[in-house]
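Peer 1: Following is a predicted model, sequence given first.
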Amino acid sequence: MELPSFLSHPLWFLCSVVLAVVLRLQRKGSWEARKCRADLTGKTAIVTGANTGIGKHVALDFARRNARVILACRSRERGQKATDEIKKETGNRNVHLSILDTSSMASVRAFTERILREEKRLDILVNNAGASGLPYAITPEGLELTFATNHLGPFLLTHLLLGLLKRTAPSRIIFLSSFMHGQGNVDTSNIWGKNLEKNRYNDTYNCTKLMNTICAKELATRMQGTGVTVNSVNPGIVMTEAMRNYSVLLRSIFNIIGFFFFKTAEEGAASTIFCSVSEEAEGLNGKYIDSDCTIVLPSEKTQDPAVNRKLWEACESATNLNTHPTK
Ligand SMILES: NC(=O)c1ccc[n+]([C@@H]2O[C@H](COP(=O)([O-])OP(=O)(O)OC[C@H]3O[C@@H](n4cnc5c(N)ncnc54)[C@H](OP(=O)(O)O)[C@@H]3O)[C@@H](O)[C@H]2O)c1
């Protein structure tokens, strides 16, 4: 088949190359993990949902920096595969799998009991595990699945590990938020009622990311003076398995557009790694870090102290933290 004549013009070719280079470059932020010399020898890090996507690249980076890395994954098979791959690629033998399902508060409690029994320190906690496009469902513990997976599980996990993080301070907690958090809503008049109604369900992922951002901010305020810092990050739009719960059509469109415009999982991990290990992020607390590793203001929906406090208290009671206080 012959190309239309204008497509064979050298100018067209040159424009295509320039466009491809520009698109490729705009995916990269100004901060590059591989150029950062931070060493994590003697330090321990937990990364949830570390068997694939952003979490796997974060765990890989920590292992390269000689940390003791715990991959907190729900699937033994997928988790073990990632653990073995990271060990092989980095030569770091101090990489371990521990089973955690963030949608189950019982699993979160069992995981943290194991960590508190076995670990002497915890320098970095990355709350990465998350899912979008899940169908509406109530877990056996009576919690809505997406809220439990993306928000309540990480909320409880963080609380149960706070004592260890404080004893290890300076230590860093990172929550994976999203640029979509501004599209979410938190209705404090009836948080677990109205927000969970089935007909509002399309909104749920965004609500959980808004909740992540609000609770990270609230926890940061509560951690002031302890040496524990808490920040949330936006990884950008990243080509991972994140679209696995959507239709083939949507996944195909995402993949085609993503090939040109979206970040790779390694690039998407940069803002989390920046927040976790960089000198620049030392002491940074209560901030929202954008995908290019700069501090930006999150949505104004995160700025109302009364709403934030109410959400915090609702999360405490949904996870029974007020009846089973942290150590
Ligand atoms: N990709 C993006 O464009 C994007 C944009 C903004 C924010 N984020 C956030 O970035 C984080 C990582 O996403 P990703 O893009 O890397 O997605 P991904 O490739 O789908 O990876 C998600 C990880 O979370 C784990 N996970 C899901 N539900 C879990 C549960 N109940 N318990 C324990 N682990 C669970 C998955 O484990 P399995 O493999 O066993 O399912 C997987 O390891 C998420 O919090 C997401 O909201 C992603």
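Peer 2: Looks like it arrived, so ask away.
Peer 1: following the helix or strand containing I70, which helix or strand shows up next?
Peer 2: Element membership of I70, judged by DSSP states H and E, is strand 68-73. Next helix or strand after strand 68-73 toward the C-terminus (DSSP H and E): helix 76-90.
Peer 1: what's downstream of that next one, the next helix or strand?
Peer 2: strand 95-99.
Peer 1: ok, that next one near the ligand or not?
Peer 2: No - Strand 95-99 does not reach the ligand (CB under 6 Å from any ligand atom); its nearest approach is 8.9 Å. For glycine as for every other residue, the C-beta is placed from the backbone atoms N, C-alpha and C.
Peer 1: What lies in contact with that strand?
Peer 2: Residues from elsewhere that reach strand 95-99 (CB atoms under 8 Å, 6 or more residues apart in numbering): 59, 63, 68-74, 76, 79-80, 82-83, 86-87, 107, 111, 114-115.
Peer 1: go again using 7 Å as the cut-off
Peer 2: 63, 69-74, 76, 79-80, 83, 86-87, 111, 114 (CB atoms under 7 Å, 6 or more residues apart in numbering).
Peer 1: For that strand, which strands pair with it and how are they oriented?
Peer 2: Using DSSP bridges, the strands paired with strand 95-99 in its sheet are strand 68-73 (parallel).
Peer 1: re the thing from before, if any of the contacts of strand 95-99 are buried, give me the ChimeraX selection for them.
Peer 2: Command for ChimeraX, covering only those of the contacts of strand 95-99 found buried under the criterion 16 or more other CB atoms under 10 Å:
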select :63,69,70,71,72,73,74,79,83,86,87,111
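Peer 1: same for the ligand: which of the contacts of strand 95-99 are within range?
Peer 2: Counting by CB under 6 Å from any ligand atom, C73, R74 from those sit close to the ligand.
Peer 1: Of the contacts of strand 95-99, which is the nearest to F147?
Peer 2: Nearest to F147 among the contacts of strand 95-99 is R74, at 16.5 Å by CB to CB.
Peer 1: That closest one: what's it in contact with?
Peer 2: R74 is in contact with I99, L100, D101, counting by CB under 7 Å, 6+ apart.
Peer 1: Most neighbours among the residues you listed, which one is it?
Peer 2: When these are compared by neighbour count (other CB atoms under 10 Å), L100 ends up highest, at 26 neighbours.
Peer 1: Pull the contacting residues for that one.
Peer 2: Residues in contact with L100 (CB under 7 Å, 6+ apart) are T48, A72, C73, R74, S107, V108, F111.
Peer 1: mind checking how far the fourth one is from N127?
Peer 2: Pointing back at R74 there. Separation of R74 from N127 (CB to CB, to the nearest Å) stands at 14 Å.
Peer 1: rewinding a little: out of the contacts of L100, flag the one nearest to the ligand.
Peer 2: The closest of the contacts of L100 to the ligand turns out to be R74 (CB to the nearest ligand atom; 3.8 Å).
Peer 1: where do the strands sit along the stretch 101-250 of the chain?
Peer 2: Using DSSP state E, counting those that start in this stretch, the strands found in the stretch 101-250 of the chain span residues 124-127, 171-176, 228-233.
Peer 1: can you tell which of the ones you listed is closest to the ligand?
Peer 2: Of these, nearest to the ligand by CB to the nearest ligand atom is strand 171-176, at 3.8 Å.
Peer 1: Distance from the chain centre to that closest one, please.
Peer 2: 9 Å (CA atoms, centre = their mean, to the nearest Å).
Peer 1: That one and the ligand, any residue contact?
Peer 2: Yes - contact of strand 171-176 with the ligand (CB under 6 Å from any ligand atom) involves L176.
Peer 1: Neighbouring strands - and their directions - for that strand?
Peer 2: Paired neighbours of strand 171-176 in the sheet (DSSP bridges): strand 124-127 (parallel), strand 228-233 (parallel).
Peer 1: export the first one as PDB, just CAs?
Peer 2: This file holds the C-alpha atoms of strand 124-127, laid out as PDB (Å, rounded to 0.1, in the frame of the first residue of the first chain):
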ATOM      1  CA  ILE A 124       9.500   3.200  55.800                       C
ATOM      2  CA  LEU A 125       5.900   2.200  55.300                       C
ATOM      3  CA  VAL A 126       4.500   2.500  51.800                       C
ATOM      4  CA  ASN A 127       0.700   2.100  51.600                       C
END
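Peer 1: Any part of it near the ligand?
Peer 2: No - applying CB under 6 Å from any ligand atom, one finds strand 124-127 separated from the ligand by no less than 7.7 Å.
Peer 1: Can you name the residues in contact with stretch 56-70?
Peer 2: Under CB under 7 Å, 6+ apart, the answer for stretch 56-70 is 33, 38-41, 43-47, 50, 71, 82, 86, 89-90, 92, 94-96, 98, 126, 128, 265-266, 269, 272-273, 277.
Peer 1: Which pair of the contacts of L100 spans the longest distance?
Peer 2: Pairwise distances among those were taken by CB to CB; the largest, 13.3 Å, belongs to C73 and V108.
Peer 1: can you list the residues of the chain near the ligand?
Peer 2: 48-49, 51-55, 73-75, 78, 100-103, 128-131, 149, 176, 178, 235, 237-238, 240-242.
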